[in-house]
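[1] only geometry, no sequence info:
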């Protein structure tokens, strides 16, 4: 089952738990399942149906560029990271 | 409306006549009136050297001089460093030694370096740094610029030997 | 310069050809943004606030409009309303309302220099005169200039609708809070033998590019507009200008001029939409340029910061805990790189227990913009100084301490998955084994300091086209402005793939209509990502060449191969063909050959650098002279070693300026008092020694040529390296930048009297 690493400030939704196993074949499925288990956390990650533009998704060590559409493997590790660069404008 | 003054000067070896307003700096005159945009504006206060030109052989910040003050003067800009399409030794060394990154300060450095080598053909590293301290570069950290000027000096003094000299 | 680049099996990559745009740049022919002129062109100037914080009560431009030669004046009334929300624009997340407010102030001005109106006139002098005739009525408000002042209870609020999730509906100056956490910090500190806790303050500094901002806007009667400007990102200029002006993106073409330095500061917009607004109103091309004072007052510097670092280590030198609090000045609108800084601050080390809290705070200073590894240098100044202290406490050489705790392949990152193949330890070892480090430093008031740094580097999107011409030469077209010599690298990659001499490949940087989407020249991404697109485009051309040769020889493509610039029939039988020989056959075998590729580059390799600096301190004035300086950086694969070295040297020089002299000096009214190069003091060539570079090549497995971005990380270590050197020279640990003579002298005198006092007390 894929593992999602929860960002520090969102661990209040998971009761402090950092690593969560969640079933799913795409980022969208993972996020939806997370939201079912930890109500409210999906709203932190999504905006207008896709991953918030201020968040980058890393799948198995690489920054993934497809937002909710990206596929995840059975043993994938997914991180949600602040999208870095020049920061906000 | 500011009335224009007629000015006669020699620019890059050619006699030139032009009109400029008294309030226009030499830099503005070169760039906007004479369309010689090689000299650059970086600060307008004489602190960065991007506008350096030679006036009667002396390196001057053209932003600190008025266009009307060019009357009767002999002015060299970066556009005058090559001779009939052949680059000068300094220009070649800047290219070979990768002494430029963005290139905005390069015209000013070339003119200042020419002024240095014209009066001191065998400068030490410290003398080069001292002479070029009025030209700011933000890209290179100056290392390759100083090397290029020293290499050019060597090559001008004894052509061919510079290639053999260790870096 | 000791470059350890190996050319391996490459013919072109790793050599040092003369850059293709070099002749134009040494003859003054290269056209930078301010060099453009068009028939009928007008000149624009911007009216700017003299107050750091004020309400605009009224703007009256009647007198200005009457001045002969003035053609138009625009204010925020000429801009469409903008939404207060977050949107993606290339590398950045933007808030359209704040972006628009920074272009032209709405009802409030938020920093000394904030744009209020723009004028177009027949000469720049008349435009300036028009500014003097414009009348603005202000209600001046108290300015907030530092993070402490901004977060104090009862602090004046800059943006009335700014909220952050932790403060609910309460108006605030804190725009964002990031947190990164792992393990158990309390337990970690308990296990530590040595704990160091320090507070640091860094001053706001500017990227310092020598070329001021510029833009020439041409708005045609059919609604089609063109902007000529010096920018790191023509695509960003297009999308952000379209956003601010309420125009469709397709109606704006951006032509990148040569750019006189950017370092991240030219990845946003200031003058560009104004040039189009004025052009639309006047029907003429309009050129705007910033003066140096405007650049310093009103274009994005990098934040000053307040950083508290507490780190613990066991006596054998193992880091066991870190607790960090950091707040960066965002400037007038949210968006400092404090999140990035938080992810960089302990990135080179494996620390099992940490908590990092990072805050983005608005203050009455210009909106900050990216500056070479944004956010990382402030952070490294703090952490690398504390690490130096811990190493000293443990009695371990500072480089050995870093190697002991250093990340390698498989080590966890602060946030995100474990590192892939990286070269951090190799940069430490390179410095340890360098002539510099092995040499003895003798003399009074002299000291040597070491520090390391990390930067992510970026991937993102790039496009490239490779054209094969009738004479068998090629051109490679990209949309990545060249600020450091990347044109040469693009030509070299193409030449390598196609087996051509590099002088037979012409690199072109083109406008937003002529090439597919290409993200900014920034994030150390051009040789990596645009280079990847160029590589793929050249490979695409190679595939087509194989198909054509196959046609000519009446074979199948898989019976033909391309080797060392020649097409061969596998198994022989026909003489091989060069591209030049095949070129005349293009027309009859299918037409012109155009290789193309677009990438959303994955496989980014992060960058590490380690620097060592020797300084001499004048005990009477506090002036610091840098005696010797060496930087080692992991470049993956150096395509053009001279330009890789150049990046390392340039970043190091900026770091030294940041360390020793540069700062924004505001008075108590919030007015910038050093808005010129005399008093905003960047290093001159008399201030620096030769900068020795060691290019470490630990290939990035994610790139076909092993490339890692190199443009940024070299700026990260020097500030801390200088601080550590000063400590060893005079026994003073500086915790603020710049470590300029007045500040260092004060610290030295305090230190001297304290040591004399304790000596006297014995």
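    It's in. Note that the structure is a prediction, hence the values are computed from the model and not measured.
[2] how about residue C:458, nearest residue that isn't a chain neighbour?
    residue C:523 (3.0 Å; Cβ to Cβ, 6 or more residues apart in numbering or on different chains). (C-beta placed from N, C-alpha, C; glycine too.)
[3] surely the one you found is in contact with residue C:607?
    No - applying Cβ atoms under 8 Å as the test, residue C:523 and residue C:607 come out as separate, 10.5 Å apart.
[4] circling back: tell me which element the residue nearest to residue C:458 is part of?
    Residue C:523 is part of no helix or strand, with elements assigned from DSSP states H and E.
[5] quick check: it vs residue A:23, distance?
    Here residue C:523 is placed at a distance of 35 Å from residue A:23 (Cβ to Cβ, to the nearest Å).
[6] neighbour count for the two, which is higher?
    Each of residue C:523 and residue A:23 has its neighbours counted (other Cβ atoms under 10 Å in any protein chain shown); residue C:523 has more, 30 against 11.
[7] what's near enough to touch residue C:583?
    C:468-472 (Cβ atoms under 8 Å, 6 or more residues apart in numbering or on different chains).
[8] ugh, wrong one, residue C:549
    Residue C:549 touches C:560, C:567, C:569, C:577, C:582, counting by Cβ under 8 Å, 6+ apart.
[9] which residues are in contact with each of residue C:523 and residue C:607?
    Common neighbours of residue C:523 and residue C:607 (Cβ under 8 Å, 6+ apart) are C:456-457, C:709, C:712.
[10] for those, which one is nearest chain B?
    residue C:712 (13.2 Å; Cβ to the nearest Cβ).
[11] now secondary structure, pLDDT and neighbour count too, for the shared contacts of residue C:523 and residue C:607, in CSV please.
    Compiled in CSV, the shared contacts of residue C:523 and residue C:607 are given as follows (DSSP: H, G, I helix; E, B strand; the rest coil; pLDDT from 0 to 100; neighbours: other Cβ atoms under 10 Å in any protein chain shown):
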residue, secondary structure, pLDDT, neighbour count
C:456, coil, 88, 26
C:457, coil, 85, 24
C:709, coil, 91, 29
C:712, coil, 94, 30
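[12] so which of the residues you listed reach chain A?
    Among these, proximity to chain A is found for residue C:456 (Cβ under 8 Å from any Cβ of the partner chain).
[13] contacts only, for residue C:462.
    C:478-480, C:518-519, C:525-526, C:529-530, C:532-533, C:598-599, C:601.
[14] do residue A:51 as well
    Here residue A:51 is in contact with A:27, A:31, A:45, A:57, A:67-68, A:80 (Cβ under 8 Å, 6+ apart).
[15] using pLDDT, spot the least trustworthy of these.
    Lowest pLDDT within the contacts of residue A:51 is found at residue A:67 (87).
[16] ok, the least confident helix or strand in chain A by mean pLDDT near chain C or not?
    None of the helices or strands of chain A scores lower by mean pLDDT, DSSP states H and E than strand A:62-64, at a mean of 82. Yes - using Cβ under 8 Å from any Cβ, strand A:62-64 reaches chain C at A:62-64.
[17] can you give me how far that strand is from the chain middle?
    12 Å (Cα atoms, centre = their mean, to the nearest Å).
[18] again, but for stretch A:43-62
    So, by Cα atoms, centre = their mean, the centroid of stretch A:43-62 is 6 Å from its chain's centroid.
[19] and it, which residues are buried?
    A:44-46, A:50-59, A:61-62 (16 or more other Cβ atoms under 10 Å in any protein chain shown).
[20] and which of these is nearest to chain B?
    residue A:56 (29.7 Å).
[21] residue C:507 looks like it's in a strand, true?
    Yes - counting by DSSP: H, G, I helix; E, B strand; the rest coil, residue C:507 is located in a strand.
[22] want to throw the shared contacts of residue C:523 and residue C:607 into CSV with distance to residue C:396?
    Output for those, formatted as CSV (distance: Cβ to Cβ, whole Å):
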residue, distance to residue C:396
C:456, 28
C:457, 30
C:709, 31
C:712, 29
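[23] ok, the shared contacts of residue C:523 and residue C:607 vs residue B:120, which is closest?
    Distance to residue B:120, by Cβ to Cβ, is smallest for residue C:712 among the shared contacts of residue C:523 and residue C:607, at 37.5 Å.
[24] my read: the closest one touches residue C:524, true?
    Yes - using Cβ under 8 Å, residue C:712 makes contact with residue C:524 at a distance of 4.8 Å.
[25] which residues do these two both contact?
    Joint contacts of residue C:712 and residue C:524 (Cβ under 8 Å, 6+ apart) are C:455, C:457, C:607.
[26] tell me the contacts of the first one?
    Yep, that's residue C:455 we're talking about. Residue C:455 touches C:344, C:373, C:376, C:524, C:606-607, C:709, C:712-713, C:716, counting by Cβ under 8 Å, 6+ apart.
[27] quick check on residue C:231: phi, psi?
    phi -150, psi 160 (degrees, to the nearest 10).
[28] what sits against it?
    C:33, C:237, C:254, C:256, C:259, C:262, C:266-267, C:272, C:481.
[29] closest one of those to chain A?
    For those, the nearest to chain A is residue C:267 (6.2 Å; Cβ to the nearest Cβ).
[30] burial of the closest one, as a residue count?
    Neighbours around residue C:267, by other Cβ under 10 Å: 28.
[31] neighbours around the closest residue to chain A within chain B, how many?
    In chain B, the residue that lies nearest chain A is residue B:138 (18.5 Å; Cβ to the nearest Cβ). Around residue B:138 there are 27 other residues, counting by other Cβ under 10 Å.
[32] picking that back up, mind checking which of the buried residues of stretch A:43-62 land in helices?
    A:44-45 (DSSP state H).
[33] verify the stated contact: residue B:135 with residue B:47.
    No - in this structure, residue B:135 is not within contact of residue B:47 by Cβ under 8 Å, at 10.2 Å.
[34] what residue lies at the spatial centre of chain A?
    residue A:80 (4.7 Å; Cα atoms, centre = their mean).
[35] how about chain B?
    Most central in chain B (Cα atoms, centre = their mean) works out to residue B:111, at 2.1 Å.
[36] element containing it?
    Using DSSP H and E, the element containing residue B:111 is helix B:106-119.
[37] in that helix, what's buried?
    In helix B:106-119, counting by 16+ other Cβ under 10 Å, buried: B:106-117.
[38] now the residues you listed as CSV including pLDDT and distance to residue A:6?
    Shown next, in CSV, are the buried residues of helix B:106-119 (pLDDT from 0 to 100; distance: Cβ to Cβ, whole Å):
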residue, pLDDT, distance to residue A:6
B:106, 98, 52
B:107, 98, 55
B:108, 98, 54
B:109, 98, 54
B:110, 98, 57
B:111, 98, 60
B:112, 98, 58
B:113, 98, 59
B:114, 98, 63
B:115, 98, 64
B:116, 98, 62
B:117, 98, 64
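[39] residues in contact with residue C:196?
    C:309-312, C:386, C:389-390, C:393.
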